[in-house]
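Trainee: sequence and predicted structure, then a few things I'm wondering about:
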Amino acid sequence: MKRTLIAELPGLISERVRLRGWVNALRDQKRVQFIVLRDETGLAQVVLAKGDPPSELNERLSALTVESAVTIVGTVAADERVNLGGLELKLEELEVDSLAEPEVPIAADSALDKRIDWRYLDLRRPDRKLIFEVQTTAEQAMREFWRKEQFIEIHTPKLMGSASESGAELFKAEYFDRTAYLAQSPQFYKQMAMAAGFGKVFEVGPVFRANPSFTSRHDTEFTSVDVEISWVDSHEDVMSFEERWLAHVLTTVKEAHGEQIAQSFDTALVVPELPFPRITLEDAKELLREAGHDAPPAGHDLDPPSERALSAIVSERHGNEFAFVTDYPTSVRPFYHMRYEDRPTVTKSFDLLWRGIELTTGAQREHRYDKLLAQADEKKVDVGPIQYYLDFFRFGAPPHGGFGFGLTRLLMQMLGQENVREVTFLYRGPHRLEP
RNA sequence: GGGGGCGUAGCUCAGUUGGUUAGAGCGCUGCCCUGUCACGGCAGAGGUCGCGGGUUCGAGUCCCGUCGCUCCCGCCA
């Protein structure tokens, strides 16, 4: 007998159906027994009258435990007494596929860390599963947009012989008789795709950061969304792609899940107006000071409190939750970011903030071999291990730019969550390698 | 790496100025309840108070150390 999903029950009154799912709740009374069954599409009540003495079926239902996996056959009946959709299943057959132990180790209000210990139980809650439905829709919308604009998907290696950028610390791995490093970014390889003439590329994949960061928005392994575009005139071309792309993603997610998100997470997903406000770093600091906030001195990046304050100000003045901050000084940017011809200490770079959190860092890249070498030298980058990268620019490289984008941070903001761990299937942090 | 907070029952927490057998709600076990739907009622089990040391007649409570969790900063997406 074919499996019926709970969501299909309203159209099947008086039919005999087979449901498979988990015991969400049990109410075992003197004369009547109820199971609230949960599958991936919803909840349904199952009812069985209790005989005197109880039938063998009654006894087996009494022995059930919450969260057991069961298969149930019964007849669908409309009954206005039932709060759950006004219908129920009259139980005829009960098969226990897997009996759950009587005490589930976590509850809905358990601490996040404890819930991660038992993540598969935590994820059984429909609200938690919604996170991954939204993620799936978001990624699909991204790909839709990329393909419409002739982007090519690449999969770059995660095992590397040297660092891909300075800054973030690297995990080491044994690699036969030498040391390999886990990729902290596909940066160099997506630039290789530019030198290869791929035009426009994207990658969605894992990156690894060995920073001992103990905050609600960092993890040591996360999914990075990377984009690189050839033949740009400046970083403005990259920003204008990113905002159109993001607006499409948010529109798609809102259409598909907006109501559920509002219901489950009490968050309204707002599709942003285009273009997103752009503000240079120095103007941003000026704006912050005018508004009575502290701002870091020249030559320094915004700190997290400044980013939150800036987002609030921009949101109030421009009605946009997104903001590009541009023109970072060379002191806080890697050597490969392109600089203005007339202002050699300022890079053609940007960050994208959404409601105070950094979603993206992007830039036009330096594609001229001699300038790239000079900038590496100035930044005291040891070019020995990355000569393969510098070589990309020796035989004709197009002007190009791109960005890296934190998928979990996007998801966190879309769902109004305060911690990336909440929206990561399995979080990895300095003290977390299991499950 | 620096700073703050927290660690008491399976889960979420309370525990006065240090004082005798350490509590609650939920969950669990048993019994009762003709339709429940956060079902209800009665009874019960369950704790070396994170760990180690110290102060004290006496420590869940005070001190030191240690481990774990958490948030902020740094680093970044």
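Mentor: That came in fine, so what should we check first?
Trainee: contacts, neighbours, all on C-alpha from now
Mentor: Noted.
Trainee: beyond the host helix or strand of A:Arg147, next helix or strand please.
Mentor: Assigned by DSSP states H and E, A:Arg147 falls within helix A:126-148. Note on helix A:126-148: by DSSP H and E, the next helix or strand toward the C-terminus is strand A:152-153.
Trainee: mean confidence for stretch A:244-260?
Mentor: For stretch A:244-260, mean pLDDT rounds to 96.
Trainee: can you list the helices and strands that the helix holding A:Arg147 packs against?
Mentor: Packing contacts for helix A:126-148, counted by 3 or more CA pairs under 8 Å, 6 or more residues apart in numbering; DSSP states H and E, involve helix A:235-265, helix A:407-414.
Trainee: hey, where'd the helices end up in the stretch 51-200 of chain A?
Mentor: A:56-62, A:112-117, A:119-122, A:126-148, A:187-195 (DSSP state H, counting those that start in this stretch).
Trainee: from the ones you listed, which stretch is densest packed?
Mentor: helix A:187-195 (a mean of 21; mean count of other CA atoms under 10 Å).
Trainee: got the angle for the following helix or strand past that helix vs helix A:126-148?
Mentor: Remark: after helix A:187-195, the chain's next helix or strand is strand A:200-208, criterion DSSP H and E. Angle, strand A:200-208 to helix A:126-148, by axes from the mean of the first three to the mean of the last three CA atoms, to 10 degrees: 150 degrees.
Trainee: angle of strand A:200-208 against helix A:407-414?
Mentor: Going by the same axes, to 10 degrees, strand A:200-208 makes 90 degrees with helix A:407-414.
Trainee: which other helices and strands does strand A:200-208 contact?
Mentor: strand A:152-153, helix A:187-195, strand A:221-230.
Trainee: send me it as PDB with only the CA atoms.
Mentor: Extracted C-alpha coordinates of strand A:200-208, given in PDB (Å, rounded to 0.1, in the frame of the first residue of the first chain):
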ATOM      1  CA  LYS A 200      31.900  34.800 -15.100                       C
ATOM      2  CA  VAL A 201      32.000  32.000 -12.400                       C
ATOM      3  CA  PHE A 202      30.500  31.000  -9.200                       C
ATOM      4  CA  GLU A 203      31.100  28.400  -6.500                       C
ATOM      5  CA  VAL A 204      29.100  27.300  -3.500                       C
ATOM      6  CA  GLY A 205      31.300  25.300  -1.200                       C
ATOM      7  CA  PRO A 206      33.000  24.800   2.200                       C
ATOM      8  CA  VAL A 207      35.800  27.000   3.500                       C
ATOM      9  CA  PHE A 208      37.900  26.500   6.600                       C
END
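Trainee: quick one: buried residues of stretch A:285-295?
Mentor: A:285, A:287-288, A:295 (16 or more other CA atoms under 10 Å).
Trainee: ok, now stretch A:293-307?
Mentor: Buried residues in stretch A:293-307, counting neighbours by 16+ other CA under 10 Å, are found at A:295, A:301-302, A:306-307.
Trainee: got the domain boundaries for chain A?
Mentor: A:6-98, A:119-423 (automatic domain parsing).
Trainee: can you lay out those domains as a markdown table showing distance to A:Leu433?
Mentor: Converted to a markdown table, these look like this (distance: least, CA to CA, whole Å):
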| stretch | distance to A:Leu433 |
| --- | --- |
| domain A:6-98 | 26 |
| domain A:119-423 | 10 |
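Trainee: out of these, nearest to A:Ala111?
Mentor: domain A:119-423 (10.9 Å; CA to CA).
Trainee: gap between the two ends of the closest one?
Mentor: End-to-end span of domain A:119-423 (CA to CA, to the nearest Å): 11 Å.
Trainee: over to stretch A:427-435?
Mentor: The first and last residues of stretch A:427-435 sit 9 Å apart, counting by CA to CA.
Trainee: check stretch A:389-404 too.
Mentor: OK, stretch A:389-404 end separation, CA to CA: 18 Å.
Trainee: please state the offset of that stretch from the chain centre?
Mentor: With CA atoms, centre = their mean, to the nearest Å as the basis, stretch A:389-404 stands 28 Å off its chain's centre.
Trainee: anything in that stretch sitting right up against RNA strand B?
Mentor: Yes. Remark: stretch A:389-404 sits within contact range of RNA strand B at A:Gly404, by CA under 7 Å from any atom of the strand.
Trainee: enumerate the residues of the stretch 51-200 of chain A near RNA strand B.
Mentor: A:65-66, A:79, A:81-84, A:88, A:102-114, A:167-168.
Trainee: quick check: the residue of chain A nearest RNA strand B.
Mentor: A:Thr360 (2.9 Å; CA to the nearest atom of the strand).
Trainee: residue contacts, A:Glu139?
Mentor: A:Val249 (CA atoms under 8 Å, 6 or more residues apart in numbering).
Trainee: shaky segments in chain A?
Mentor: Within chain A, the segments meeting pLDDT under 70 span A:164-168.
Trainee: what is the burial count for A:Arg31?
Mentor: A:Arg31: 11 surrounding residues under other CA atoms under 10 Å.
Trainee: helix or strand: which one has A:Leu43?
Mentor: Assessed by DSSP H and E, A:Leu43 sits inside strand A:42-49.
Trainee: which strands border that strand, and is each parallel or antiparallel?
Mentor: In the sheet containing strand A:42-49, its partner strands are strand A:32-39 (antiparallel), strand A:87-98 (parallel), by DSSP bridges.
Trainee: what residues sit buried inside the first one?
Mentor: Under the neighbour-count criterion of 16+ other CA under 10 Å, strand A:32-39 has A:33-39 buried.
Trainee: for the nearest residue to A:Ile154 once chain neighbours are set aside, what are its contacts?
Mentor: Using CA to CA, 6 or more residues apart in numbering and skipping residues adjacent in sequence, the residue nearest A:Ile154 is A:Glu203, 5.5 Å away. Residues near A:Glu203 by CA under 8 Å, 6+ apart: A:153-156, A:224-227.
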